[in-house]
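> Need coordinates for the below:
(chains A and B)
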Amino acid sequence: MYAGIIAIIVIAAAGYWLMQPAQEPEPAPVPSEPIVYRSTWAWPTRIDPAVGSDGSSTAAHPNLYNSLVRITPEGVVGPELAESWTTSNEGMTYTFTLRQGVMSHAGNEITAEDVVFSMDRLLGMGEGLAYLFLPYIDEVTAVDTYTVQFDLLKSFGPILTVMPNFFVLDKDVVMENIAEGEYGDLGDYGKEWLMTHDAGTGPYKVKEFLLEEKLVMEKYEDYWGETLDVEGFKFVENAPDIMEMIGTTEPITVRTMMSRMELERTDSWQPIENLEEMVQTEGVEMIGEVGTSLLNLMMHTNKAPTDDVHFRRAMVYAFDYETVVTDIFPHTTLVKGVVNEVLPGYTPDLEPFRRDLDKAMEELEQSVYYDQLDEIEIEIHWCAEVPAEERISLLFMDNMADLGISVKIVKEPWLSMIETMADPELSPNVVVVYNSVHFPEAGGDLMRYHSESAPTWEQNEWLLDETLDQMIEDALGTVDQAERFEKYGEIQEYIYDVCPTIYVLQTTTLRCVQDYVDYPYVEYGEQVSGFVYKVPLGFRTYYGLYTGVNQP
Amino acid sequence: MNIKKYVAYRLISSFFVLFGLSLLIFSLSRLVPGDPARLALGPMAPQWAVDKLRAQLHLDEPVYIQYIYWVTNVFRGDLGQSLVTRRGVFNDIFEFFPATFELVIFSVILSTSLAIILGVTSGKYANSLWDNIVRVTSYVGIAIPSFVWAIMSVFIFGYLLRWFPTLGRLSSGVVMPTKVTGLLLVDSLIAGRLGVFRDAFYHMILPGTSLVISRLAQEARITRASVVENLHKDYIMAARSFGIPERTITLKYLLKPSLIPTVAIMGMDIAGSMGGSFIVETIFNWPGLGRYGMSAMLSNDINAIVGVVMLIGVFFAFMNILVDLITAYLDPRIMMKLRGG
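Residues are numbered from 1 along each chain as shown, chains lettered A, B, ... in the order given. The predicted structure is shown next:
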């Protein structure tokens, strides 16, 4: 009896002790009250800049590493590790002069040899964003300690716009950490080690990387921007000391963390209902970032009946775009052409496609399939992992019914969809897909219409049009920006006439944030409407520019 | 057949079961649509890089050749490379297993102790108010899956009441103890860091209880049924007629035989928790095997999928043998048979 009572008391006391939050003073590796900035992201994050290419990876890269050049908040190419650069040989050679005295996190000075090594590594591995450089870079050579020369295989106009995606690694650090691997003397090129560590020069360095949980970065106090006193590369006051990228997008978890002020910014994958719930919490607000992606309905131009341009135009005019941006995806915007209007090189000369049933019927009557509508069934595939796409498909079915076209909706897992879209025979008439741009110019979107993209999920249109291929190659090879943009305009007009795609919407990325943190969007961005800010193109997630205070 | 021979026999038969499992999961992972190499490198990766990775993974060979490569490497302790983490699957499993194992151990201790207490008291006082409460709540517990409990517990205890943390294994800013076993509770004690121990325990409560509830309800019901059945057996009546105290009858004569069916279920539940914690781990951002397995499936990470499933298979096989041995210990008739009696 007494033993039982004593046991209960002991258990209750232990329980009480365990319930107390951990307040034991730990051996503190950071100041007692660091400014912590926490955000959630879709996982996994691959911090090796030669491997990662998704959203969370490319958010981490510019904080851990530096590029030769960057896109400034004003949207133009500016210096970063390279102080200056010159172009010669009709745009076939670029020579960069490096900043002297830039030290890596390991304390080694960054020289031309590191740049050569980093580009060789990127091209040799062929992963991540290497595809942006592989068709164009012939050779990179160190002219002297601080001069590096890039020789191109063929002219590539947007090379400087693409260059911020190339990050420089400290060669010595990588070579100290290579393991056995498939690259001969270079082992695994440091790939395994660099998945959880960095060899960079960026404003933050890896403090801890808990795979499948979070990446913790800490401010690098000897960042070259500070030590070399370079304007635009210094930490702003109250920049975070600790940056946590947390790998979850689970709505209830994210909402709980926001309400408890354990999170400063949510990921961009939260359902609108969850975002609207979160803004009910005091101190939480919603921000929108105008994205460069488009949601498209890609029409197979080599499969009946969508192989007929009049049939496609009829579908384009029958689709109800307004309903999408008002009811299905509120806070997104209508497309005003064939690429996102925020992209340099976008042409405003094309009349946007809008629902017009009269025009749709006119086009349909010109179609060779007009007399066979009873026998025709259009198949539309949507990605099973994105439930909202079903609503787009249902709207499409409803709209097409107005023309007497019957539609079959097919829900398909993404992995299966990729397989289907790789085969022109299996590819359906219409597919719902989000398309991102490869670099912030109209060409970064238009290049998906090249025949090389046809067997990928990027192009269900199967245009396989040699003239268009030629136009795209010519535009991308044009060094002069004005001339290049003019050629982009011609390509947009060409595609507009062929009408291979229903451009559903321009994306807006919605997130919730704590109001005690100031975001660079407000500082550099242009307020469009309400909470929507226009993010300067190419602006990357530099946590060093975030200003805030520790959570109250 | 003695016990050693029995264990050897079970180990050999488990080997064949695992062989069958490996054939099945290996073939299925290769039949899933989508080229794993292309998926890993992205749609724009050059074909030579994709071909290189395909060759590295032996995807350019027939499936049976791929399987032979895989089996040969398994015997060398190499489960292949993960396409998501780009590390060896064996290293990944070694890293993620302790987090899940710790969670499972926590939930086993909780569910076993509570299930026995609830089952025995409910069975002993069958048809009483207490019994009715336990039975009704058990039904609710069984009917609701663990991930729903997880979401509800985050909402109630994390969002509304704010009693417990809902994310990860440690609070933000708390430094991990030096890794010895990978079990945070153990490692923090080894390091003498009681604050970390407390924080780790605190983080384990919601995910642990979410895993426990449906299992606990099932085990409590089975224990109750078994207690009710044994309560009216002759040897219990005989014990009572000899004037043996009721507490001794319950703990010594009633509990042991009543636990036999419960142990069988518990064994499977424990093994099931290893693989069944996928969604719970995702909700709590718990960096364990379940979350790793989930990432692997979503990314068609073929080697990781096979590695995780095989580990769960091994765990199941091991638990089966353990359950048989415990059952033999609890039931003298089985023990006698094993000893050739």
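
> does residue B:30 belong to a helix or a strand, and which?
helix B:3-31 (DSSP states H and E).

> How is the chain partitioned into domains?
In the absence of a named chain, chain A is used. What automatic domain parsing lists as the domains of chain A is A:36-227, A:291-507.

> was after chain B, sorry
Dividing chain B into domains by automatic domain parsing, as the record does, gives the ranges B:13-74, B:89-338.

> just checking, what's the longest helix in chain B?
In chain B, assigned by DSSP state H, the helix with the most residues is helix B:194-231.

> Now the element after that helix, going C-ward?
Next helix or strand after helix B:194-231 toward the C-terminus (DSSP H and E): helix B:234-241.

> Buried residues in that following helix, which are they?
B:236, B:239 (16 or more other Cβ atoms under 10 Å in any protein chain shown). From N, CA and C alone the C-beta is placed, and that goes for glycine too.

> for stretch B:285-302, same thing?
Going by neighbour count (16+ other Cβ under 10 Å), the buried part of stretch B:285-302 is B:285-297, B:299-302.

> What residues does residue B:284 make contact with?
Neighbour list for residue B:284: A:253, B:150, B:154, B:166-168, B:206-207, B:210 [criterion: Cβ atoms under 8 Å, 6 or more residues apart in numbering or on different chains].

> so how many other residues sit close to residue A:74?
By other Cβ atoms under 10 Å in any protein chain shown, 10 other residues sit near residue A:74.

> Then it would be within a strand, right?
No. Secondary structure of residue A:74 (DSSP: H, G, I helix; E, B strand; the rest coil): coil, not part of a strand.

> Now do it, the pLDDT please.
pLDDT, residue A:74: 70.

> Next: residue B:328.
85.

> and the helix holding residue B:30, what other elements does it pack with?
If contacts are counted by 3 or more Cβ pairs under 8 Å, 6 or more residues apart in numbering or on different chains; DSSP states H and E, helix B:3-31 sits against helix B:63-74, helix B:302-330.

> looking at those helices, which is buried most?
helix B:302-330 (a mean of 20; mean count of other Cβ atoms under 10 Å in any protein chain shown).

> Which among the contacts of residue B:284 count as buried?
For those, buried by 16+ other Cβ under 10 Å: A:253, B:150, B:154, B:166-168, B:206-207, B:210.

> can I get these in TSV with distance to residue A:132 and pLDDT?
Converted to TSV, the buried ones among the contacts of residue B:284 look like this (distance: Cβ to Cβ, whole Å; pLDDT from 0 to 100):
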residue	distance to residue A:132	pLDDT
A:253	35	92
B:150	41	93
B:154	41	93
B:166	39	92
B:167	35	90
B:168	35	91
B:206	44	95
B:207	41	94
B:210	44	92
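
> ok, of those, which one's closest to residue A:488?
Closest approach to residue A:488 among these (Cβ to Cβ): residue A:253, at 42.7 Å.

> Quick one: name whatever helix or strand follows the host helix or strand of the closest one.
Following DSSP H and E, one finds residue A:253 within helix A:251-259. Next in sequence after helix A:251-259, counting helices and strands by DSSP H and E, comes helix A:272-278.

> burial of residue A:108, as a residue count?
There are 16 residues near residue A:108, going by other Cβ under 10 Å.

> Name the spans of the stretch 101-250 of chain B whose pLDDT lies under the cut-off.
Within the stretch 101-250 of chain B, no stretch has pLDDT under 70.

> can you pull the buried residues of stretch A:361-370?
For stretch A:361-370, by 16+ other Cβ under 10 Å, it's A:361, A:363-364, A:367, A:369-370.

> ugh, typo on my part, it should be stretch B:238-257
Buried, per 16+ other Cβ under 10 Å, within stretch B:238-257: B:239, B:249-250, B:253-255, B:257.

> Can you name the residues in contact with it?
B:116, B:120, B:124, B:226-227, B:230-231, B:235-236, B:330-331.

> By neighbours, which of the residues you listed wins?
Top of these by neighbour count (other Cβ under 10 Å): residue B:227, with 25 neighbours.

> for the closest residue to that residue other than its chain neighbours, helix, strand, or coil?
Spatially, and ignoring its direct neighbours in sequence, residue B:227 is nearest to residue B:123 (2.8 Å; Cβ to Cβ, 6 or more residues apart in numbering or on different chains). Put simply, residue B:123 is helix when judged by three-state DSSP.

> can you pull the contacts of residue B:123?
B:131, B:223-228, B:231, B:258.

> That one and residue A:494, how far apart?
With distances taken as Cβ to Cβ, to the nearest Å, residue B:123 is found 80 Å from residue A:494.

> In chain B, which residue sits nearest chain A?
residue B:195 (2.4 Å; Cβ to the nearest Cβ).

> how many neighbours does that residue have?
17.

> what do you get for residue B:225?
17.

> so what's it up against?
For residue B:225, the contact set (Cβ under 8 Å, 6+ apart) comprises B:123, B:261.

> related to what we said a few turns ago, show me how far the helix holding residue B:30 is from its chain's centre.
Helix B:3-31 sits 18 Å away from the centroid of its parent chain (Cα atoms, centre = their mean, to the nearest Å).

> swap in stretch B:210-228?
Stretch B:210-228 sits 16 Å away from the centroid of its parent chain (Cα atoms, centre = their mean).

> With stretch A:173-193 instead?
Between the centre of stretch A:173-193 and the centre of its chain there are 28 Å (Cα atoms, centre = their mean).

> Ok, stretch A:45-53 next?
With Cα atoms, centre = their mean, you get 13 Å for stretch A:45-53.

> ends of that stretch, how far apart?
9 Å (Cα to Cα, to the nearest Å).

> Contacts for it next, please.
With Cβ under 8 Å, 6+ apart, stretch A:45-53 has contacts from A:54, A:56-58, A:60-61, A:64-65, A:118, A:121-122, A:125, A:127-130, A:166-167, A:169, A:189, A:191, A:194-196, A:198, A:206, A:209, A:215, A:245, A:247, B:42, B:86.

> what's the following helix or strand after the one helix or strand residue B:272 maps to?
Per DSSP H and E: residue B:272 is located in helix B:255-276. Heading C-terminal from helix B:255-276, the first helix or strand you meet, by DSSP H and E, is helix B:278-283.

> which outside residues touch that following helix?
A:248, A:250, A:252-253, B:100, B:103, B:146-147, B:150-151, B:154, B:207, B:210-211, B:286-291, B:293-294.

> residues in contact with whichever residue of the stretch 351-500 of chain A sits closest to chain B?
Nearest residue of the stretch 351-500 of chain A to chain B, counting by Cβ to the nearest Cβ: residue A:415, 3.6 Å away. Listed by Cβ under 8 Å, 6+ apart, the contact set of residue A:415 reads B:32-34, B:39, B:300.

> Then residue A:110?
Each residue near residue A:110 by Cβ under 8 Å, 6+ apart is listed here: A:81, A:98, A:102-104, A:168, A:170, A:201.

> Could you export those as CSV, including pLDDT, neighbour count and distance to chain B?
Listed next are the contacts of residue A:110 as CSV, based on pLDDT from 0 to 100; neighbours: other Cβ atoms under 10 Å in any protein chain shown; distance: Cβ to the nearest Cβ, whole Å:
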residue, pLDDT, neighbour count, distance to chain B
A:81, 97, 22, 25
A:98, 98, 24, 28
A:102, 97, 23, 28
A:103, 97, 17, 26
A:104, 97, 25, 22
A:168, 98, 29, 21
A:170, 98, 25, 20
A:201, 96, 28, 23
